[in-house]
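Asker: Sequence first, then the predicted structure, then my questions.
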Amino acid sequence: MNKTHSTAVELAWAALRSHLHVAEMPELPERLPEELAGRAGVFVSLKKQGRLRGCIGTFEPTQTDVAHEIIRNAVMAATQDPRFPKVEEAELPELEISVDVLTPPEEIAAENQLDPARYGLILKSGWRKGLLLPQLEGVNTVEEQIAIVRQKAGIVPGEAVTMYRFTVVRYT
């Protein structure tokens, strides 16, 4: 692999390699880079030949810092995404990884406060919750964004929801 990656993506790669090779997590430096030291929700997406191969994330922080959130979600994306079989070590050269670090969700009152190119969306109805990251290929309108999130969460059209938007810093 001759690509230059961000620190966040390099950490996700290290987590995957360590987990698949020796079933251990990578060691972190004592002093984390600023972008990995805070707390935030994080999504790690794996693509193989341009197609989604795994994606797991957290809406809000569950770990002590972004670095640990990336490590956890990278391993989970490779091993626990129910839509795909576990990633095999032989697949690593074909994978691309992106890491999205989320801002805290902001409740909004109306659909006109959304823009799928800028904001991700969380819909909540009772105990059901769905999320879609912003800037996804093939999602060009608010209506498409809402329909996808409803489907992911099992929320039927017309059912009342609470809407939240967020932005991301995407590392590739």
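Answerer: Arrived safely, thanks for sending. Numbers count the residues shown, from 1 in each chain.
Asker: count of residues packed around I70?
Answerer: Around I70 there are 28 other residues, counting by other C-beta atoms under 10 Å. To be clear about C-beta, it is placed using only N, CA and C from the backbone, and glycine gets the same treatment.
Asker: Roughly how far does it sit from L36?
Answerer: Using C-beta to C-beta, to the nearest Å, one obtains 7 Å as the distance from I70 to L36.
Asker: list the residues that contact both of those two?
Answerer: Here I70 and L36 share the contacting residues 8, 11, scored by C-beta atoms under 8 Å, 6 or more residues apart in numbering.
Asker: And the strands in this protein?
Answerer: For the chain, strands defined by DSSP state E occupy the ranges 42-48, 51-57, 95-102, 106-108, 120-125, 128-132, 162-166, 168-171.
Asker: Compile those into TSV and extend it with columns for distance to A147, mean neighbour count and mean pLDDT.
Answerer: Converted to TSV, the strands of the chain look like this (distance: least, C-beta to C-beta, whole Å; neighbours: other C-beta atoms under 10 Å; pLDDT from 0 to 100):
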stretch	distance to A147	mean neighbour count	mean pLDDT
strand 42-48	20	23	97
strand 51-57	18	18	96
strand 95-102	21	22	97
strand 106-108	17	13	98
strand 120-125	10	22	98
strand 128-132	10	19	96
strand 162-166	13	18	98
strand 168-171	20	18	95
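Asker: what's the closest of the ones you listed to Q151?
Answerer: Across the strands of the chain, Q151 has its closest neighbour in strand 128-132 (7.7 Å, C-beta to C-beta).
Asker: Just give the number of residues close to V22.
Answerer: By the criterion of other C-beta under 10 Å, V22 has 8 neighbours.
Asker: could you give the angle of the top helix by length along the chain to strand 95-102?
Answerer: In the chain, assigned by DSSP state H, the helix with the most residues is helix 7-22. On the basis of axes from the mean of the first three to the mean of the last three C-alpha atoms, to 10 degrees, helix 7-22 is oriented at 130 degrees to strand 95-102.
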